[in-house]
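>>> build the 3D model from these lines:
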Amino acid sequence: MGYEAEFRRSMDTPDEFWREKAADVSWIEPPKTIWTPTDNGHGQWFPDGLINTCDAALDANIRAGRGNQNALIYDSPVTGSQLTYTYNELTQEVALFAGALKSRGIEKGDRVIIYMPMIPQAVVAMLACARIGAVHSVVFGGFAANELAVRIDDASPKAVITASCGIEVQKIIEYKPLVDKAIEQAQHKPEFCVIYQRPQVAATMTSGRDFDWQEMVADATPATPVPVAATDPLYILYTSGTTGKPKGVVRDNGGHAVAMRYSMDLVYNAGPGDVFWAASDVGWVVGHSYIVYGPLLAGCTTILFEGKPVKTPDAGAFWRVVQDHKVNFLFTAPTAFRAVRKEDPEADLMSRYDISSLKRLFLAGERLDPATYEWLKEHTSLPVLDHWWQTETGWAICCNPVGIEQMTTKPGSATFPSPGFNVQVVDFKGSQMPAGEQGQIAVKLPLPPGCMTTVWGDDERFRKTYLDPIPGFYTSGDGGFVDEDGYVFVMGRTDDVINVAGHRLSTGEMEEVLASHPAIAECCVVGAQDDMKGQVPIGLVMVKDGATISHDELEEELVEMMRDRIGAIACFRRALVVERLPKTRSGKILRRVIRQIADGEEYKVPSTIDDPAILEEISVQLKG
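Residues are numbered from 1 along each chain as shown. Down below sits the predicted model:
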């Protein structure tokens with residue numbers, strides 16, 4: 001069956017289609033009802049099914065005879081260590097830690113925040129929560145204490161799981177002081193913390209609140225999987241919104257398991273025994289979907305890499321991992337390969353390694369620029385496949401469906417909608433745009449399994465953000481077009497969230513940081529195109545009358561504030577002092593025009609602008 005027939009089946013007979021896909025997952029009690037509507041038009045998938053995602057990802061592989069197959073390979077160039085876990089071994093580790101959490105009172109429905117580096121214990125903690133029905137929320141270790149505090153207050157976790165440190169390139173970041181500071185700032189106080197002590201740093205324990213991971217596991221009784229409803233939450237993952245407050249994307253258990261299992265077939269054509277490497281972080285959705293859950297649900301071997309595409313030790317790091325572990329599928333963000341290309345433009349380092357095990361390269365997280373696409377095609381001679389998805393969807397909205405039929409690629413296009421996603425390019429009234437014309441990319445409701453079910457604790461925000469703007473559709477927040485052949489081209493965000501090296505960051509949140517400086521009267525932050533990062537933030541700030549600080553000193557302070565409040569991942573390095581900001585007569589800052597100027601694009605002077613001369617002033621400063 002080809003792609004067109006598969007897609008049409010998902011549109012015309014969705015119950016039959018998803019019942020068939022659900023049969024590929026190990027259920028405790030298979031669902032009889034496939035989908036049921038809800039008031040918001042989104043609906044619920046498999047509402048009467050019972051499942052345990054950890055059981056489906058681990059124990060089911062043992063039942064299928066794969067217990068001695070490698071499940072997880074940990075490769076850490078920053079520590080010079082490697083570890084391998086079979087499905088039997090990983091299941092045992094997870095069951096023991098799940099038992100340890102259970103003995104401390106963690107139960108079904110409790111929230112647990114995981115603030116960990118890229119070490120096996122992060123994966124173990126996620127799966128252990130799933131095993132006992134607790135809801136995990138992984139927070140990327142690079143986030144500052146106040147960002148962690150915001151998430152603690154929103155998720156109200158019973159426990160925080162962390163490690164003594166994370167290791168960056170030639171730098172150790174102590175996590176425990178950040179966790180302590182976050183808990184001090186947060187209104188909600190977790191009952192306890194679990195600390196995994198790494199050899200590089202010994203964290204100071206807080207008596208009565210903190211527990212040592214190894215000591216807890218030593219006394220633990222292995223926990224068995226707890227049945228949960230398919231509609232019960234598996235995890236909360238925070239993503240930036242256009243306001244300062246992040247959105248807690250909620251993923252369910254049943255729909256997520258079905259979507260992950262199907263996507264491993266459809267998008268990647270990966271199955272039992274294949275070695276799958278998503279070069280990402282468990283703090284991001286790619287890490288959730290394709291380091292942890294997707295590969296294990298499909299019976300693959302998954303790679304956990306604690307390193308960087310360059311400088312650990314060089315731009316040959318990815319190719320070395322492929323050779324050492326015979327990786328079949330590599331998935332990362334375009335920014336990673338831009339970094340590799342910058343340091344090794346002729347791919348000399350690649351030639352030192354045997355990468356013959358590699359079947360395909362997959363790129364997502366930001367737009368795959370044609371230059372990077374062509375470089376990879378030239379030097380690897382492999383299929384280079386772009387696909388488009390979001391934290392909110394959990395898997396590819398559009399892809400080249402290689403598990404069914406590999407389509408001709410078009411540079412700059414994510415190819416076709418995945419079965420289950422009724423993708424349309426529309427205006428704000430929901431009317432379809434002609435082929436080739438840009439508009440809002442939206443998905444006609446209902447969304448397929450695996451997509452977010454709500455915003456944690458705020459269903460109204462879920463509806464207002466995603467469902468209300470274009471009635472009857474999920475609003476992606478991305479703009480683009482569909483060409484005459486049906487290929488989908490995603491051109492960029494339509495809101496004020498920017499994509500820095502695959503990380504979605506709120507410009508509104510950054511503006512709050514800048515505005516808190518005592519010398520700043522007004523400011524705005526826009527995302528400018530960057531060859532390495534995709535986008536980087538640029539701040540435009542107006543200084544208060546009478547402020548005596550020099551422009552260079554102010555910029556240094558603002559950069560440091562951003563690093564402290566948002567984290568180094570924001571890549572904020574440029575703050576321009578301006579006399580005034582371009583605004584409409586009603587006072588709205590013209591961010592889109594500023595972005596166009598920063599990117600060197602042609603722009604139209606809006607008829608609503610208060611003073612057109614200011615655009616030339618801004619242009620001179622940005623080019624300077």
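>>> run the chain-centre distance for the lowest-mean-pLDDT helix or strand in the chain.
One helix or strand of the chain scores below all others by mean pLDDT, DSSP states H and E: strand 503-506, with a mean of 75. Chain-centre distance of strand 503-506: 10 Å, with Cα atoms, centre = their mean, to the nearest Å.
>>> only alpha carbons, please: show the helix or strand following it as PDB.
Following the chain from strand 503-506 toward its C-terminal end, the next helix or strand by DSSP states H and E is helix 507-515. The C-alpha coordinates for helix 507-515 follow below in PDB (Å, rounded to 0.1, in the frame of the first residue of the first chain):
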ATOM      1  CA  THR A 507      11.000  36.800  23.100                       C
ATOM      2  CA  GLY A 508       8.400  38.100  25.500                       C
ATOM      3  CA  GLU A 509      10.200  36.400  28.400                       C
ATOM      4  CA  MET A 510      13.500  37.800  27.200                       C
ATOM      5  CA  GLU A 511      12.000  41.300  27.100                       C
ATOM      6  CA  GLU A 512      10.900  40.900  30.700                       C
ATOM      7  CA  VAL A 513      14.600  40.200  31.600                       C
ATOM      8  CA  LEU A 514      15.800  43.300  29.800                       C
ATOM      9  CA  ALA A 515      13.100  45.500  31.200                       C
END
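>>> pLDDT on helix 507-515, on average?
If you average the pLDDT over helix 507-515, you get 81.
>>> re earlier: the least confident helix or strand of the chain pairs with which strands, and in what direction?
strand 497-500 (antiparallel) (DSSP bridges).
>>> contact partners of the strand it pairs with?
For strand 497-500, contacts defined as Cβ atoms under 8 Å, 6 or more residues apart in numbering pick out 240-242, 365-366, 477, 493, 504-507, 526-527, 533-537, 569-571. C-beta coordinates here come from the backbone N, C-alpha and C atoms, glycine included.
>>> likewise for stretch 563-571?
For stretch 563-571, the surrounding residues in contact (Cβ under 8 Å, 6+ apart) are 140, 142-144, 146-147, 500-501, 503, 505, 509-510, 513, 533, 536-537, 562, 572.
>>> look at the residue of the chain positioned farthest from its centre and report its pLDDT.
Summary for the chain: using Cα atoms, centre = their mean, the residue whose C-alpha lies farthest from the chain's mean C-alpha position is residue 546, with a distance of 43.2 Å. At residue 546 the predicted local distance difference test score is 80.
>>> now the helices for the stretch 451-600 of the chain?
Using DSSP state H, counting those that start in this stretch, the helices found in the stretch 451-600 of the chain span residues 459-462, 507-515, 551-565, 591-598.
>>> any idea which of those helices scores lowest on pLDDT?
Taking the average pLDDT of each of those, the minimum falls on helix 507-515, with a mean of 81.
>>> buried residues in that one, which are they?
Neighbour counts over helix 507-515 (16 or more other Cβ atoms under 10 Å) mark 507, 508, 509, 510, 511, 512, 513, 514 as buried.
>>> looking at those residues, which one is closest to residue 596?
Residue 596 has its nearest neighbour among the buried residues of helix 507-515 in residue 507, at 15.1 Å by Cβ to Cβ.
>>> got the contact list for the closest one?
Applying Cβ under 8 Å, 6+ apart, we find residue 507 in contact with 242, 496, 497, 498, 524, 525, 526, 527, 537, 591.
>>> ok, now residue 178?
With contacts taken as Cβ under 8 Å, 6+ apart, residue 178 has the following neighbours: 115, 144, 145, 148.
>>> can you tell me how far the third one is from residue 174?
It stands for residue 145. Computed with Cβ to Cβ, to the nearest Å, the distance linking residue 145 and residue 174 is 11 Å.
>>> likewise for residue 387?
Spatial separation of residue 387 from residue 174 under the definition Cβ to Cβ is 37 Å.
>>> the two: which has the busier surroundings?
With other Cβ atoms under 10 Å as the criterion, residue 387 and residue 174 differ in neighbour count, and residue 387 comes out ahead with 24 against 16.
>>> excluding chain neighbours, what is closest to the more buried one?
Nearest residue to residue 387, sequence neighbours excluded (Cβ to Cβ, 6 or more residues apart in numbering): residue 399, at 3.9 Å.
>>> my guess is the one you found meets residue 418, correct?
Yes - using Cβ atoms under 8 Å, residue 399 is in contact with residue 418, at 5.3 Å.
>>> just for the stretch 51-200 of the chain, where's the confidence low?
142 (pLDDT under 70).
>>> buried set for the host helix or strand of residue 622?
Here residue 622 is covered by helix 613-623, with elements defined by DSSP H and E. Neighbour-count burial for helix 613-623, counted by 16+ other Cβ under 10 Å, picks out 614, 615, 618, 619, 622.
>>> between those, which is nearest residue 183?
Distance from residue 183 was checked for each of the buried residues of helix 613-623 by Cβ to Cβ. The minimum falls on residue 622, at 40.9 Å.
>>> ok, that closest one - contacts?
Counting by Cβ under 8 Å, 6+ apart, residue 622 makes contact with 538, 576, 597, 598.
>>> can I have the buried ones of the contacts of stretch 563-571 as a PyMOL selection?
The following PyMOL command selects only the buried members of the contacts of stretch 563-571, with burial defined by 16+ other Cβ under 10 Å:
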select buried, resi 140+142+143+144+146+147+500+501+503+505+509+510+513+533+536+537+562+572
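>>> can you list the residue ranges for helices in the stretch 151-300 of the chain?
Counting by DSSP H, counting those that start in this stretch, the segments of the stretch 151-300 of the chain that form helices are 176-185, 213-218, 254-266, 285-287, 294-297.
>>> what comes into contact with the second one?
The reference is to helix 213-218. Contacting residues not belonging to helix 213-218 are listed as 96, 97, 100, 103, 104, 121, 161, 194, 195, 196, 197 [Cβ under 8 Å, 6+ apart].
>>> quick one: buried ones out of the residues you listed?
Applying a neighbour-count criterion of 16+ other Cβ under 10 Å, the buried members of the contacts of helix 213-218 are 96, 97, 100, 121, 161, 194, 195, 196, 197.
>>> now render these as a markdown table, adding distance to residue 12.
A markdown table is the format used below for those (distance: Cβ to Cβ, whole Å):
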| residue | distance to residue 12 |
| --- | --- |
| 96 | 47 |
| 97 | 45 |
| 100 | 48 |
| 121 | 46 |
| 161 | 45 |
| 194 | 49 |
| 195 | 53 |
| 196 | 50 |
| 197 | 56 |
